[in-house]
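# following is a predicted model, sequence given first.
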Amino acid sequence: MKDIAGKGKTVIAIVHQPSTDIFNVFDRIYLLAAGREVYQGATKDLYDYFKKIGKEIPAYTNPADQLIKLMHAKEKPDPEDIKMQNELFESYDANIRSAIKADIKEVSDKAPKIDSAVMKSFRASSFTLQFEQLLIRAFRNMIRNTTFTRVRVGQIIILGVLLDILFWNKESYSYEDVKDKNGAFFFICTSQFMLSIQSVLLTCITLFVCYPVVPLERGLFLREQSNRMYGVLPYYLTKTFVELPFQLFMPLLFSLIIYWAIHFRNSGECYFLFRMHNLI
């Protein structure tokens, strides 16, 4: 990281209790306690600063350990911890904050002005690249989440077997069997509809598919989309593409389980119509 920084790149790293050698490698450090600033500036100036405010770091000790002792508060802080932190916060406000604000203003004034409309429309990559990378990530997530896939397949198989038991071998064209087949058709339509919307309150529904994205990926999507890593359209399309194989396979599996068991008309044309109806 030091070599990267030496090439003109900005390196920001978070460290917790580093060794003295690693601590001294950093050019600048930013110390926080309870979400508030304690120190911000050059590492070499840190020792003089804490000596100035009466919190001198002892010689021949690990500065990171000493700083954590100064800034750390227990889960239920006692009055001494609170007093120590308040003193550190007040020292920062009195000695450092104004200088940091001046540095920020100086850098901001020198930076080229960019029209807000341009920044609003700015994307880090093209639509094609966004779609490609999101599609790869979506397929990887689908492959890794085998439990969800097994549950979906299991639901279809169990529902198909239950329908077979209820409407087994209605081969005649008597009034009772025709009425039972009408009931089977209604049950099939209802069950397929309910399977597709069973998680409406927890899912995001597209024109073709229903997939559990809101509870699992909502935070990730909002963060990445607000950072303009990708747009809504490529994300929407990748989710649709990933789910299409399931939406084609599940109705096929369901129809194979129930069609001949219930003894619907034994012809390719009728099965094709049933298959398309089930798919839709």
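Here it is on my side, so go on. Residues are numbered from 1 along each chain as shown.

# how about the CA coordinates for the helix or strand hosting I143, as PDB?
In the assignment (DSSP states H and E), I143 maps to helix 127-144. In PDB, the C-alpha atoms belonging to helix 127-144 read as follows (Å, rounded to 0.1, in the frame of the first residue of the first chain):
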ATOM      1  CA  PHE A 127     -24.700  -0.500 -19.800                       C
ATOM      2  CA  THR A 128     -23.200  -3.700 -21.400                       C
ATOM      3  CA  LEU A 129     -20.500  -4.000 -18.700                       C
ATOM      4  CA  GLN A 130     -23.000  -3.400 -15.900                       C
ATOM      5  CA  PHE A 131     -25.300  -6.100 -17.300                       C
ATOM      6  CA  GLU A 132     -22.500  -8.500 -17.800                       C
ATOM      7  CA  GLN A 133     -21.100  -8.200 -14.300                       C
ATOM      8  CA  LEU A 134     -24.500  -8.200 -12.600                       C
ATOM      9  CA  LEU A 135     -25.500 -11.300 -14.600                       C
ATOM     10  CA  ILE A 136     -22.300 -13.100 -13.500                       C
ATOM     11  CA  ARG A 137     -22.900 -12.200  -9.900                       C
ATOM     12  CA  ALA A 138     -26.600 -13.200 -10.000                       C
ATOM     13  CA  PHE A 139     -25.700 -16.700 -11.500                       C
ATOM     14  CA  ARG A 140     -23.100 -17.200  -8.800                       C
ATOM     15  CA  ASN A 141     -25.600 -16.300  -6.100                       C
ATOM     16  CA  MET A 142     -28.100 -18.700  -7.600                       C
ATOM     17  CA  ILE A 143     -25.600 -21.600  -7.800                       C
ATOM     18  CA  ARG A 144     -24.400 -20.900  -4.200                       C
END
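
# where are the low-confidence patches of the protein?
Counting by pLDDT under 70, the ranges of the chain that qualify are 73-75, 114-124, 172, 195-216, 278-280.

# rewinding a little: next SSE after the helix holding I143?
Next along the chain after helix 127-144, with elements defined by DSSP H and E, is helix 146-166.

# buried residues in the helix or strand following that following helix?
Moving toward the C-terminus from helix 146-166, the next helix or strand (DSSP H and E) is helix 175-197. Judged by neighbour count using 16 or more other CB atoms under 10 Å, the buried positions of helix 175-197 are D177, D180, K181, A184, F187, I188, S191, Q192, L195. In this view, the C-beta of every residue, glycine as well, is placed from N, C-alpha and C.

# which ones are touching the fifth one?
It refers to F187. Going by CB atoms under 8 Å, 6 or more residues apart in numbering, F187 touches L163, L166, F167.

# helices along the chain, start to end?
2-6, 20-25, 46-52, 63-71, 79-95, 97-110, 116-121, 127-144, 146-166, 175-197, 214-226, 232-262, 268-279 (DSSP state H).

# in TSV: the ones you listed, plus distance to V38.
Formatted as TSV, these follow (distance: least, CB to CB, whole Å):
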stretch	distance to V38
helix 2-6	23
helix 20-25	15
helix 46-52	10
helix 63-71	6
helix 79-95	5
helix 97-110	11
helix 116-121	33
helix 127-144	38
helix 146-166	45
helix 175-197	52
helix 214-226	27
helix 232-262	40
helix 268-279	62
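
# of those helices, which is nearest R36?
In terms of CB to CB, the element of those nearest to R36 is helix 79-95, at 5.4 Å.

# just list what that closest one packs against, helices and strands only.
strand 28-33, strand 36-42, helix 63-71 (3 or more CB pairs under 8 Å, 6 or more residues apart in numbering; DSSP states H and E).

# export those to JSON lines and tack on distance to H263 and mean neighbour count?
JSON lines is the format used below for these (distance: least, CB to CB, whole Å; neighbours: other CB atoms under 10 Å):
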{"stretch": "strand 28-33", "distance to H263": "72", "mean neighbour count": "16"}
{"stretch": "strand 36-42", "distance to H263": "74", "mean neighbour count": "17"}
{"stretch": "helix 63-71", "distance to H263": "75", "mean neighbour count": "17"}
